[in-house]
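Asker: need a 3D model of the following:
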Amino acid sequence: MTVNIQLRPKTAPINNSHTLDAALANVPAAAQELHARALVAARANDHKKAIELLTKALALYSDFAVAWNELGVQNMELGRYERSDRSTSLSLETRPRCS
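Answerer: Here you go, the predicted structure:
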């Protein structure tokens with residue numbers, strides 16, 4: 001059995017002020033802005049800039065699980081696998097707990 005999966009880029013997110021992302025609920029606006037800028041840099045394949053912006057976001061809010069995860073992705077893109085592993089682990093440690 002063969003399964004073909006086609007991937008396509010996401011369209012730009014819809015800015016819906018009525019939608020709340022639980023992963024960002026307690027994250028300061030400045031850290032969220034740095035994260036958003038890092039994603040733009042990552043899409044432009046500027047992984048070093050993305051890492052710089054994510055590091056700044058995490059300096060503002062160290063429990064930013066989504067930023068830790070993205071930092072892991074960006075380090076992996078640059079072949080920094082040990083750093084990637086550490087960032088991804090921190091992402092799992094700091095993610096919001098569901099109860």
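Asker: from here on, contacts and neighbour counts on C-alpha atoms
Answerer: OK.
Asker: low pLDDT regions in this structure?
Answerer: Within the chain, the set of residues satisfying pLDDT under 70 comprises 5-20, 96-99.
Asker: where do the helices of it begin and end?
Answerer: Assigned by DSSP state H, the chain shows helices spanning 29-43, 47-60, 65-77, 81-94.
Asker: for stretch 84-92, output the C-alpha coordinates as CSV.
Answerer: These are the backbone C-alpha positions of stretch 84-92, laid out as CSV (Å, rounded to 0.1, in the frame of the first residue of the first chain):
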residue,chain,number,x,y,z
SER,A,84,17.9,21.5,19.0
ASP,A,85,17.4,18.5,21.4
ARG,A,86,17.8,20.8,24.4
SER,A,87,15.3,23.4,23.1
THR,A,88,12.8,20.7,22.2
SER,A,89,13.1,19.2,25.7
LEU,A,90,12.5,22.6,27.3
SER,A,91,9.5,23.1,25.1
LEU,A,92,8.0,19.9,26.5
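Asker: what residues sit buried inside it?
Answerer: Burial within stretch 84-92, assessed by neighbour count using 16 or more other Cα atoms under 10 Å, is assigned to 84-85, 87-88, 90-91.
Asker: what separates that stretch from the chain centre, distance-wise?
Answerer: What separates the centre of stretch 84-92 from the centre of its chain is 11 Å, taken as Cα atoms, centre = their mean, to the nearest Å.
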